[in-house]
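S.K.: how would this look folded up:
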Amino acid sequence: MGLVMGLSGCTRYLPKEDEQATVINSTNKPLMEVRYIEETTGLQWVSPDFDVANYQSLLIRPVALHPLAHNVDQIPVAVLEKISERLTQRVSDKLAVGVPIVEQPSVQTATLNIDITRASTEMEELQITEVLPYGALIGGAKALLGTRDRNVRILVESQLVDSLTGEILAERVSVLLAEDILENDRETLRYEQIKAAVDTFTQDIVDFIRITAYEAKQSEHTLPSS
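M.R.: Here you go, the predicted model:
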């Protein structure tokens, strides 16, 4: 995994150390924290050689579900598959506005690969009242009994690559976070519980592509002439 630099902001949306250790598609380049949406952020790298003028269309692969993503019983494979389908649909629909979408690799085509590589749950954060001694006692007891609400964290890796050479142009690692949606450590996640969070997270991927392309285009105009 590449060196993570410039960490700040809403850390609960950042990939944690154990999540970073499971990243599958990393180029081992230094990943910088970049935030697109309020209260969300991710880690990413953009090739300094990325020339947006070389690409006129985009190929969007269906969101892939890595076998290692299913590592907790509370998050069924069927739900992860529906999340993958929904992300594919939403990202394709949004990027199709203003970007020619194609179905086959070709010259001047970039490919967007998206992978769900990890899914996990965690206990909700302590509320301010639980910081007090009595509240902490109650919160600790709920944690021991497994009745404390749990968040769902899904690690999503996005890569923009040259459709013919496979050269990585940019990559982003971010977390689809749904807070306090499981009532305990036994409840099984239903797709309806996380659908809204999936729809919101879609914009993170869309902005990754649009802003990366925009900034690459801007950098062309700032390069010194030879």
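S.K.: for residue 91, phi and psi?
M.R.: Dihedral pair for residue 91: phi -60, psi -40, per degrees, to the nearest 10.
S.K.: same thing with residue 153?
M.R.: Main-chain dihedrals, residue 153, degrees, to the nearest 10: phi -120, psi 130.
S.K.: and the next element down the chain from the helix or strand of the chain with the lowest mean pLDDT?
M.R.: The helix or strand of the chain with the poorest confidence is strand 4-5; it has a mean of 42 (mean pLDDT, DSSP states H and E). The helix or strand immediately downstream of strand 4-5 is helix 17-20, counting by DSSP states H and E.
S.K.: distance between whichever helix or strand comes after that next one and the chain's centre?
M.R.: Moving toward the C-terminus from helix 17-20, the first helix or strand encountered (DSSP H and E) is strand 31-34. Its chain's C-alpha centre and that of strand 31-34 lie 12 Å apart, by CA atoms, centre = their mean, to the nearest Å.
S.K.: can I get strand 31-34 in PDB, CA atoms only?
M.R.: Provided in PDB are the C-alpha atoms of strand 31-34 (Å, rounded to 0.1, in the frame of the first residue of the first chain):
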ATOM      1  CA  LEU A  31      -2.100   8.400  -1.700                       C
ATOM      2  CA  MET A  32      -3.400  11.800  -0.800                       C
ATOM      3  CA  GLU A  33      -6.500  12.600   1.100                       C
ATOM      4  CA  VAL A  34      -9.000  14.300  -1.200                       C
END
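S.K.: which is the succeeding secondary structure element to that strand?
M.R.: Next along the chain after strand 31-34, taking DSSP H and E as the criterion, comes strand 42-46.
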